[in-house]
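**Q** dropping a prediction and its sequence here:
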Amino acid sequence: NPKLWSRIFGTRRLLWLGFGVLTLVIVSIGFIAIVRIRSVASSFEKQIKVAKPRSATARELELNVLDYSLGVHQYLRGDDLARQRTAKYAANLALQLDGYTALAETARQRELAGRLRTGWREVYALGEALMAARTANREEVARFTETAVRLERFLDTELQPDAEIIFNPLSAETHGSLQKTEIVTLSLLFL
């Protein structure tokens, strides 16, 4: 009963109490909104920090596979220095593969890293066998080339898109909108 409340507290106190409760409700809603916005924004920031190195590593892996296969072909054509370069590319690729595997977070990314490791072992074994024999028939060279191309295609069509998909321009725009929303919400809370 409003008349009973106004007799007990008085009209002024009742208004102050009503505005106080209303202010408390608005501040609580604002606080909850800020906590949720910060949670989503920090999730975006975490994804950015993981996606960029994983994407760079995937690009470097693809380049090293290509360099290794070209080095094998150059060595078979008589370029003796190509053997040293292929060893360097193979060592770099092994390190980058370990780095990519360490960055894999989801089951899909771990599965992709495992497939990459298997494909690389096959390319490396064929390439080393060709270079050890130093003479190869067309079928062996074609098999090596086909295996290397298949691995490069896998890197280009599956691994690289998975590494880049997390943070794209639309995500960047959403992240910026979240930051603006957070500023507006904090300003309203302050007022």
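**A** On my side now, so go ahead.
**Q** residue 156 against residue 61, yeah?
**A** No: using Cβ atoms under 8 Å, residue 156 makes no contact with residue 61, being 10.4 Å away. C-betas here are computed from N, CA, C, even on glycine.
**Q** who's more crowded, those two?
**A** residue 61 (24 against 13; other Cβ atoms under 10 Å).
**Q** element containing the closest residue to that one other than its chain neighbours?
**A** Excluding the flanking residues, the one nearest residue 61 by Cβ to Cβ, 6 or more residues apart in numbering is residue 96, at 5.1 Å. Taking DSSP states H and E as the criterion, residue 96 maps to helix 81-103.
**Q** how far off centre is the helix or strand where residue 147 lies?
**A** Secondary-structure element containing residue 147, defined by DSSP H and E: helix 138-154. Relative to its chain's centre, helix 138-154 lies at 28 Å (Cα atoms, centre = their mean, to the nearest Å).
**Q** got the buried residues for the helix holding residue 96?
**A** By neighbour count on 16 or more other Cβ atoms under 10 Å, the buried set for helix 81-103 is 82, 85-86, 89-90, 92-93, 96-97, 100-101, 103.
**Q** please, where are all the helices along the chain?
**A** 2-9, 11-76, 81-103, 107-133, 138-154, 160-164, 169-190 (DSSP state H).
**Q** what packs against the second one?
**A** In this structure, helix 11-76 packs against helix 2-9, helix 81-103, helix 107-133, helix 138-154, helix 160-164, helix 169-190, with contacts taken as 3 or more Cβ pairs under 8 Å, 6 or more residues apart in numbering; DSSP states H and E.
**Q** angle of that helix against helix 107-133?
**A** 10 degrees (axes from the mean of the first three to the mean of the last three Cα atoms, to 10 degrees).
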